[in-house]
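# Kindly generate the corresponding structure for this input.
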Amino acid sequence: MYEGLIFPEGYVAKLSPKETQTAVEFTRDAFQKNIRHALNLRRVTCPLFVTAASGINDDLNGVERKVEFDMLNVDGTAQVVQSLAKWKRAALGRYGFDPGEGMYTNMSAIRRDDKCDSLHSIYVDQWDWECVITEDQRNMEFLKFTVQRIVNALVATKAFVNNEYPDLHRTIDPNVFFITTQELEDRYPDLTPKEREDRIVEEKRTVFLMQIGDVLKSGEKHDGRAPDYDDWKLNGDLLLWNEVLECAEEISSMGIRVDAESLKEQLKKAGCEDRLQFPFHQGIIDGTLPLTIGGGIGQSRVCMFMLEKAHVGEVQVSVWPEDMIRECEEHGITLLQ
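Residues are numbered from 1 along each chain as shown. Alright, predicted model coming up:
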């Protein structure tokens, strides 16, 4: 059995695969409308791949291998995006967005090193969003304010979906519990990071776990974060309690982005100061790129949660190990192929 693969006892899908396809479209349309209104976003087109030389691809935790290929008539190597954290910030500057305005995209990515389980696939689909902010909004209060607006959009969407599909009845707690990774480690020093998340989210139901990426007092990181997009003091993960799987489910990773000072500080800590040569990083240093807040909201994660599914593969077509497909089928879980 795969680590992270959960089979809820007595699980029966509330929607057939055919009904699920329609419900996925319904859910996505509803949430897009809600999040667009909540954060004042407009939809833009986005790249599936970028050049390696641009330095604009996302390094995630810094260890994942990118999918690369060469191209006819173009020098260098192209990379399938892992997220659009850097691209969005540059695009806001190119398109002339003002403070208070933002964009979202329907991003598709391949993360070849992700291990498939109940919540993970190598194919990533998410609403990647980004907003221009002012210097005086680079603070914890504004971060929390933005998180609450996202949660409000999720709560409204779940109510809308439940109304359309009466067999669905679970809800989302609109009251967000905010806690830092250091506070969480202090509370549960003997647990692993994942165990800490499960413990606090089971208790509080809706949690925003803040300040991810830096080393904690224990000498360990709660989790990795690339040093050149989120400010590690002003970021976090939005976690909901998944009642079907009985575990914490990360719905969104987001944060206020680095300014010149935090970029240089984090690159030094990560031993990645060579990245300062890239045009994107130079744009932050010289102030030509706008200050922003942004993140990614998993489309399949949201649909899985809203439709009360036990596996992300019930709402997303991807490549799954054959033995996983068989084992899931034995437990009443049909993976889309």
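# Please list the residues outside the longest helix along the chain that contact it.
Scanning the chain for the longest helix, with DSSP state H as the assignment, gives helix 140-164. Contacting residues not belonging to helix 140-164 are listed as 23, 26-27, 30-31, 34-35, 37-39, 131, 133, 168-172, 174, 176, 178, 206, 208, 210, 234-236, 238, 240, 251-252, 254-256, 293, 297, 302, 305-307 [C-beta atoms under 8 Å, 6 or more residues apart in numbering]. All C-beta spots, glycine's among them, are computed from the backbone N, C-alpha and C.
# buried subset of those residues?
Buried members of the contacts of helix 140-164, scored by 16 or more other C-beta atoms under 10 Å, are 23, 26-27, 30-31, 34-35, 38-39, 131, 133, 168, 172, 176, 178, 206, 208, 210, 234-236, 238, 240, 251-252, 254-256, 293, 297, 302, 305-307.
# Can you flag which of these belong to helices?
Mapping the buried ones among the contacts of helix 140-164 onto helices (DSSP H) picks out 23, 26-27, 30-31, 34-35, 38-39, 302, 305-306.
# Determine which two of those are furthest apart.
23 and 39 (24.3 Å; C-beta to C-beta).
# count of neighbours near the closest residue to residue 319 other than its chain neighbours?
Counting by C-beta to C-beta, 6 or more residues apart in numbering, residue 319 lies nearest to residue 122, which is 6.7 Å off, once chain neighbours are set aside. Residue 122: 16 surrounding residues under other C-beta atoms under 10 Å.
# residues in contact with residue 122?
For residue 122, counting by C-beta under 8 Å, 6+ apart, the contacting residues are 110-112, 114, 116, 318-319.
# Could you rerun that using 6 Å?
Going by C-beta atoms under 6 Å, 6 or more residues apart in numbering, residue 122 touches 111-112, 114.
# repeat for residue 275
By C-beta under 6 Å, 6+ apart, the residues touching residue 275 are residue 281.
# What's the separation between it and residue 316?
Note on residue 275: its distance to residue 316, by C-beta to C-beta, to the nearest Å, is 32 Å.
# what do you get for residue 50?
Residue 50 is 23 Å from residue 316, by C-beta to C-beta.
# what's the answer for residue 128, then?
Going from residue 128 to residue 316 by C-beta to C-beta gives 17 Å.
# between the two, who's got more neighbours?
Of the pair residue 128 and residue 316, residue 128 is the one with more neighbours under other C-beta under 10 Å, namely 24 against 21.
# And the strand ranked longest in the chain, what does it pack against?
Counting by DSSP state E, the longest strand found in the chain is strand 230-242. With contacts taken as 3 or more C-beta pairs under 6 Å, 6 or more residues apart in numbering; DSSP states H and E, strand 230-242 sits against helix 193-204, strand 206-210, strand 247-257.
# which residues touch the second one?
I take that to be strand 206-210. Here strand 206-210 has contacts from 147, 173, 176-178, 180, 200-201, 236-240, using C-beta under 6 Å, 6+ apart.
# let's see 8 Å
Under the contact criterion C-beta under 8 Å, 6+ apart, strand 206-210 has outside partners 140, 143-144, 147, 151, 172-181, 184, 197, 200-201, 222, 235-241, 248.
# Show the buried residues in the residues you listed.
Neighbour-count burial (16+ other C-beta under 10 Å) is assigned, among the contacts of strand 206-210, to 143, 147, 151, 172, 176, 178-181, 184, 197, 200-201, 222, 235-241, 248.
# what residue ranges in the stretch 1-150 of the chain score low on pLDDT?
1, 61-62 (pLDDT under 70).
# Burial check on the residue nearest to residue 131 when sequence neighbours are not counted, number of neighbours?
Among residues not flanking residue 131 along the chain, residue 102 sits closest, at 3.2 Å (C-beta to C-beta, 6+ apart). Residues near residue 102, counting by other C-beta under 10 Å, number 22.
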